[in-house]
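1. Got a predicted structure here, sequence first:
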Amino acid sequence: MSNAKVKAYAQALFAIAQAEGAADAISNELYAVARAYESSDDLRNVLGDATIPSERRLQVVEQLIGTRANRATVQIVSMIVASGQVRDLPAVFDEVVALSSAGNDQDLAEVRSAVALTDDQQTRLAVALSKATGKTVNLKVVVDPSVIGGLVATVGDKVIDDTVRTRLDNLKTRI
Amino acid sequence: MNQLVVSVLASEDPFVSHHWLLPETGEIIYGGLASVIVVGALVKFAGPMVKKSFADRTARIQKQLDDAAAAKVTADGDAKNIRAALGDIASERARILAEADAQAAAVLAEGQARIISEIAELEAKAEADINAARGRGSDELRNEITVLASRATPLVVAATLNEQAHKDLVEGFISKVGAGR
């Protein structure tokens, strides 16, 4: 899917979320679905397998988020899966989150951490990133064990990396 | 003597010899004449032939003597030549042997020098190969250790990071980012 097509999909989905009156919540849920899709090979294999009937794939979506997410979120994910565009799901949903952040005059700040952050840590981290970038940030935390420890934050084009993984990579390069 | 002549003359019988040993006078005369004639004929006709025969024989013997002398001279010359040739052969043999010895010594010296050079070259090459292999082994071992260490380190570090360490890392990040501006 081209970048223009991704933006077009995202704008349409964001309009639906706005129409539902829960754009922030839906964008947060779509962001979580996108990260889950990226991190799970099984989920990618099932949702992206065209030989599996779409009804079965939609049942999987329903089982995963049917009772935990906004109804509009479930319908949006189901629509993407049914349309056969599931490979572009992360890009589309990230664009939806970016539109949502822009609508709130915020920049999307994706933070990857080896462990889950407490609400207090997320609040203080958002404040710190806002101070560092000079913009209000929409903080999205992704638990990613591959960073080993520490955090890496991406705000627009800016990357603040203080992970153990990066330190080890630098050390390995020096060796 | 007188008695002998008387007895001879007294016996006139032709069938009786005057003497038991001596012939009759006539026989002596005629026999003597015949002998003179025969001898004279022999001297006249056979003498030159015998003389020529002797002369020819003398000449032949002289010729043989001359030929023998000439052959001896020739043999002496040949013997001299042969002795000279033998002397030349001996000197040539000595020269060839000396030359062969010199060539053999040169070939031997050259071969020894070449072998020594090749041995030195082989030793140097072997030394270089050993050093290269040692270097490769060291490099490979070092790389292997680096690869293993780079694979093991994240696992070890991750295993040693407890909850407090993660918290400290997060707090450190927040502090650094917040203080950055």
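-> Ah, there it is.

2. Nearest residue to A:Arg112 in space, please, no chain neighbours.
-> Distances taken as Cβ to Cβ, 6 or more residues apart in numbering or on different chains put A:Asp144 closest to A:Arg112, at 4.3 Å, once the chain neighbours are dropped. Placement of C-beta: from N, CA and C, glycine included.

3. mind listing what that neighbour touches?
-> Each residue near A:Asp144 by Cβ atoms under 8 Å, 6 or more residues apart in numbering or on different chains is listed here: A:39, A:112-114.

4. which of these count as buried?
-> A:112-114 (16 or more other Cβ atoms under 10 Å in any protein chain shown).

5. burial of A:Leu43, as a residue count?
-> Other residues near A:Leu43 number 17, with proximity taken as other Cβ atoms under 10 Å in any protein chain shown.

6. do the same with the one 3 residues further on
-> A:Val46 is flanked by 17 other residues according to other Cβ under 10 Å.

7. Quick one: residues in contact with the helix or strand containing it.
-> Assigned by DSSP states H and E, A:Val46 belongs to helix A:41-48. In this structure, residues lying in contact with helix A:41-48 by Cβ under 8 Å, 6+ apart are A:36-37, A:52, A:57, A:60-61, A:64, A:81, A:86-87, A:89.

8. From those, list the buried ones, please.
-> Burial by neighbour count, judged by 16+ other Cβ under 10 Å, picks out A:37, A:57, A:61, A:64, A:81, A:86, A:89 from those.

9. end to end, how far does stretch B:20-28 reach?
-> End-to-end distance of stretch B:20-28: 15 Å, with Cα to Cα, to the nearest Å as the criterion.

10. Contact residues of chain A facing chain B?
-> With Cβ under 8 Å from any Cβ of the partner chain as the criterion, chain A meets chain B at residues A:113-115, A:117, A:121, A:124-125, A:127-129, A:131-132, A:134, A:145, A:148-151, A:153, A:160, A:162, A:164-165, A:168, A:171-172, A:175.

11. Cross-reference those with the strands and report the matches.
-> Counted as lying in strands by DSSP state E, out of the residues of chain A next to chain B, are A:113, A:150-151, A:153, A:160, A:162.

12. got a winner among those residues for most neighbours?
-> Note: the member of those with the most neighbours is A:Leu151, at 27 neighbours, neighbours being other Cβ under 10 Å.

13. thought that one was touching A:Thr163?
-> Yes - under the criterion of Cβ atoms under 8 Å, A:Leu151 lies in contact with A:Thr163, with a separation of 6.6 Å.

14. Indicate the residue of chain A located nearest to chain B.
-> Closest contact between chain A and chain B, by Cβ to the nearest Cβ, is at A:Ala128 (3.5 Å).

15. So, low pLDDT: which residues of chain A?
-> Low-confidence segments of chain A, defined by pLDDT under 70: A:1.

16. in it, which spans are helices?
-> Counting by DSSP state H, one finds helices in chain A at the ranges A:3-20, A:23-39, A:41-48, A:54-65, A:71-82, A:89-103, A:119-133, A:164-174.

17. Dump the ones in strands among the residues of chain A next to chain B into JSON lines; add distance to A:Arg44 as well.
-> Formatted as JSON lines, the entries for those read as follows, by distance: Cβ to Cβ, whole Å:
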{"residue": "A:Ser113", "distance to A:Arg44": "22"}
{"residue": "A:Gly150", "distance to A:Arg44": "27"}
{"residue": "A:Leu151", "distance to A:Arg44": "26"}
{"residue": "A:Ala153", "distance to A:Arg44": "25"}
{"residue": "A:Ile160", "distance to A:Arg44": "29"}
{"residue": "A:Asp162", "distance to A:Arg44": "29"}
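
18. Tell me the buried residues in the helix holding A:Val46?
-> When neighbours are counted by 16+ other Cβ under 10 Å, the buried residues of helix A:41-48 are found to be A:43-44, A:46-47.

19. how about these, which pair is most distant?
-> Longest distance between any two of these is 7.5 Å, between A:Arg44 and A:Val46; criterion Cβ to Cβ.

20. returning to what we had before: now do the helix holding A:Val46 and helix A:89-103, the angle between them.
-> With axes from the mean of the first three to the mean of the last three Cα atoms, to 10 degrees as the basis, helix A:41-48 and helix A:89-103 are set at 90 degrees to each other.
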